[in-house]
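Chemist: Mind folding the following:
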Amino acid sequence: MVRLLLLALLIFAGGVRAASTAAWKVSLETLAPDHKTNEKIRKLEKPPGESAFFQPGDELWDVSSVLEDESLIPYGYIEASYEEEEKPRGPWKGEWAVWNARLGSLVARGSYADLLKAQLAWDFEKAPDFVQAKSSAKPNVFRMQLDWLRPGAKAAFQSISMICEGGKMTKKTEGGVSIEADPSVGYSEQMIFTRIAATWVVEKESQGLEVTTSGYFEDGKRAFVARHGTGEDGWELYLTCREQRADGTPAAEARLLENKYSGPRPWRGGDGRVFGEFRIPLQGERSVVWSPIPPDLGSRPMPLLKHDLQVPENLRRWIEGPLVDCSTLLKGEGINVEAPGFFAGYDVLAHQLVVVGDEATHAAIKRLLGKLGGPPETNLLIELCPETGNTGIVVRDGERGGIWELRGQESEAIFEVEATRGTGSVALRLFTRLMADGADKGELTIGMDLIPRRWQKMMEASSGEAVEVLIRVGDAPP
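Modeler: Prediction:
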């Protein structure tokens, strides 16, 4: 079986040959353990080129000699019977590579393929001083922070944060506030999935409150989780999830990319358009589709394939290769590989599927990748209008979330929801305690389909009077 891993993907409109500069946070000891005795590693008097990664007075070391190029694709990406063969090496073909002492980073310039080979040369994903998503060397490390705010306020009146390992339920209690979470990297590495429970004490009423939910949250961005009430008695809960290195450096800052279109910016897995396409104009009706490979594709039985497919002459401006011939795999998925001009290869280095074909072929590839793609990394926001509690909570599609009142060992639901996205509607089950004019107006339990993004009215007789309830469900704010 061939195992295809979904890793970093960047699509450059200018083509793969355009030169860019990248910086990786890595110690010189990891990059070159023999740097003190290796005569090929020399100190530079000036920067090798222009880059925002350089400043006057930087201590720079030429380390291009340690970035040996492998003519075969590293076997960490494809398991094959020839795994034990010796991998021939040669000089790295990029423009330059230096280690910057001020940044504590390797800085290299070259084509996109050159940069990928540079990080493979020192095993970027298994480096002991880097905690990388999907790395087998170390578990992911996350910083989780909860902030409580009054409605409309900018400053938090209560906060708590903790460091935890990915996929491991961790709890921290501090000053009457607690957080419990089990974060993990989502399908795209900019998103973090977590289940979370937050509890705190409401001093005025000598009681506790708890929020339990789950969802996807963008790495490093504070996101709304839940709210209840208005004014001084109301509260809003926000969560910030950040993947980081063991030394505290945010993972988004551990690898940066600079090109002629922008200054340094995070270079993370999943950059670009997930399952998007990049078309290269060719003669006739044919074009090329570049798409990240879904992990599901690699889990299917397929013949043992070597990466010996040569890139056609008219594609070499954009693709370096060599490629894995994917014709057998795609034929098994119903793609017409016998069509005139058809070409399909998997670029193992860039983790891209390169397909040349007519519009019918493109449509079939889109359907295949869409079918194999990961789940939508979006959450649903269910909320009541301010007149009936101003209650709201973010939940993952198909999951349950709730706000609970805690009195000793007892708990009582204030608001509990389960929402499942459908075609054009959201199936909702909800229980809530209704509040109006500061008074308890009873309870409401419903099960119905709601049209997204619209306030919908419901009338519920409670305590001898009619209470108008407005409810809305839609995508949670990013």
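
Chemist: Tell me the buried residues in stretch 143-150?
Modeler: Neighbour-count burial for stretch 143-150, counted by 16 or more other C-beta atoms under 10 Å, picks out Arg143, Met144, Gln145, Leu146, Asp147, Trp148, Leu149, Arg150. To be clear about C-beta, it is placed using only N, CA and C from the backbone, and glycine gets the same treatment.

Chemist: What of stretch 233-247?
Modeler: So, applying 16+ other C-beta under 10 Å, buried residues of stretch 233-247: Gly234, Trp235, Glu236, Leu237, Tyr238, Leu239, Thr240, Cys241, Arg242, Glu243, Gln244, Arg245.

Chemist: which stretches of the stretch 251-400 of the chain form strands?
Modeler: 255-259, 262-266, 287-292, 324-325, 343-347, 352-357, 379-384, 392-396, 400-407 (DSSP state E, counting those that start in this stretch).

Chemist: Can you tell me which of those strands is nearest to Leu103?
Modeler: strand 255-259 (9.3 Å; C-beta to C-beta).

Chemist: The closest one packs against which elements?
Modeler: strand 20-25, strand 262-266 (3 or more C-beta pairs under 8 Å, 6 or more residues apart in numbering; DSSP states H and E).

Chemist: quick one: it to chain centroid distance?
Modeler: 17 Å (C-alpha atoms, centre = their mean, to the nearest Å).

Chemist: Neighbouring strands - and their directions - for it?
Modeler: strand 20-25 (antiparallel), strand 262-266 (antiparallel) (DSSP bridges).

Chemist: Export the ones you listed as a markdown table, with columns for mean neighbour count.
Modeler: Converted to a markdown table, those look like this (neighbours: other C-beta atoms under 10 Å):
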| stretch | mean neighbour count |
| --- | --- |
| strand 20-25 | 23 |
| strand 262-266 | 13 |
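
Chemist: Quick check on Gly231: phi, psi?
Modeler: phi 60, psi -150 (degrees, to the nearest 10).

Chemist: Make CSV out of the strands of the stretch 251-400 of the chain and add mean pLDDT.
Modeler: Below are the strands of the stretch 251-400 of the chain laid out as CSV (pLDDT from 0 to 100):
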stretch, mean pLDDT
strand 255-259, 87
strand 262-266, 84
strand 287-292, 47
strand 324-325, 82
strand 343-347, 81
strand 352-357, 79
strand 379-384, 94
strand 392-396, 96
strand 400-407, 92
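
Chemist: Columns distance to Pro91 on top of these, output as a markdown table?
Modeler: Below are the strands of the stretch 251-400 of the chain laid out as a markdown table (distance: least, C-beta to C-beta, whole Å):
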| stretch | distance to Pro91 |
| --- | --- |
| strand 255-259 | 23 |
| strand 262-266 | 27 |
| strand 287-292 | 28 |
| strand 324-325 | 25 |
| strand 343-347 | 22 |
| strand 352-357 | 25 |
| strand 379-384 | 49 |
| strand 392-396 | 49 |
| strand 400-407 | 56 |
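
Chemist: out of those, nearest to Phe431?
Modeler: strand 400-407 (8.4 Å).

Chemist: Tell me which helix or strand comes right after the closest one.
Modeler: Counting by DSSP states H and E, the next helix or strand C-terminal to strand 400-407 is strand 410-421.

Chemist: What angle do strand 392-396 and that following strand make with each other?
Modeler: 60 degrees (axes from the mean of the first three to the mean of the last three C-alpha atoms, to 10 degrees).

Chemist: other SSEs contacting strand 410-421?
Modeler: So strand 410-421, by 3+ C-beta pairs under 8 Å, 6+ apart, packs with strand 379-384, strand 392-396, strand 400-407, strand 426-436.

Chemist: Specify the angle between the longest one and strand 400-407 in degrees.
Modeler: Interaxial angle of strand 426-436 relative to strand 400-407 (the same axes, to 10 degrees): 30 degrees.

Chemist: partner strands of strand 426-436, parallel or antiparallel?
Modeler: With DSSP bridges as the test, strand 426-436 pairs up with strand 410-421 (antiparallel), strand 439-450 (antiparallel).

Chemist: pLDDT weak spots in the stretch 301-450 of the chain?
Modeler: Where the stretch 301-450 of the chain drops to pLDDT under 70, the residues are 301-307, 317-318, 321-322, 348-351, 369-376, 435-442.

Chemist: same thing but 90
Modeler: 301-378, 385-389, 407-412, 422-424, 430-449 (pLDDT under 90).

Chemist: closest to Leu428 out of the strands of the stretch 251-400 of the chain?
Modeler: strand 379-384 (6.8 Å).

Chemist: Distance from the closest one to the middle of the chain?
Modeler: With C-alpha atoms, centre = their mean, you get 22 Å for strand 379-384.

Chemist: Point out the other helices and strands that the top helix by length along the chain packs with.
Modeler: Secondary structure assigned by DSSP state H gives helix 359-372 as the longest helix of the chain. Secondary-structure packing of helix 359-372 (3+ C-beta pairs under 8 Å, 6+ apart): strand 287-292, strand 352-357.

Chemist: follow-up on the earlier one: out of the buried residues of stretch 233-247, who's nearest Leu430?
Modeler: Leu237 (18.8 Å).

Chemist: could you give the angle of the helix or strand encompassing the closest one to strand 392-396?
Modeler: If you go by DSSP H and E, Leu237 is part of strand 235-244. Relative orientation of strand 235-244 and strand 392-396, computed by the same axes, to 10 degrees: 30 degrees.

Chemist: Show me what strand 235-244 is in contact with.
Modeler: 131, 133, 140-151, 156, 166, 183, 185, 189, 192, 194, 196, 198, 209, 211, 217, 219-229, 250-252 (C-beta atoms under 8 Å, 6 or more residues apart in numbering).

Chemist: Which of those residues fall in helices?
Modeler: Per DSSP H, the subset of the contacts of strand 235-244 in helices is empty.

Chemist: Give me the buried subset of the residues you listed.
Modeler: Here, 16+ other C-beta under 10 Å leaves 131, 133, 140-151, 156, 166, 183, 185, 189, 192, 194, 196, 198, 209, 211, 217, 219-220, 223-229, 251-252 buried among these.

Chemist: Just these: which are in strands?
Modeler: Per DSSP state E, strands hold the following members of these: 141-149, 185, 192, 194, 196, 198, 209, 211, 217, 223-228.

Chemist: Glu455 contacts Val473, doesn't it?
Modeler: Actually, residue 455 is Trp. It isn't Glu. No. Assessed by C-beta atoms under 8 Å, Trp455 is found out of contact with Val473, at 10.0 Å.

Chemist: Between those two, point out the one with more neighbours.
Modeler: Counted by other C-beta atoms under 10 Å, Trp455 and Val473 do not tie: Val473 has more neighbours, with 26 against 13.

Chemist: quick one: what helix or strand has that one in it?
Modeler: strand 465-475.

Chemist: Distance from that strand to the middle of the chain?
Modeler: 34 Å.

Chemist: just checking, what packs against it?
Modeler: Taking 3+ C-beta pairs under 8 Å, 6+ apart as the contact cut, strand 465-475 packs with strand 379-384, strand 426-436, strand 439-450, strand 456-462.
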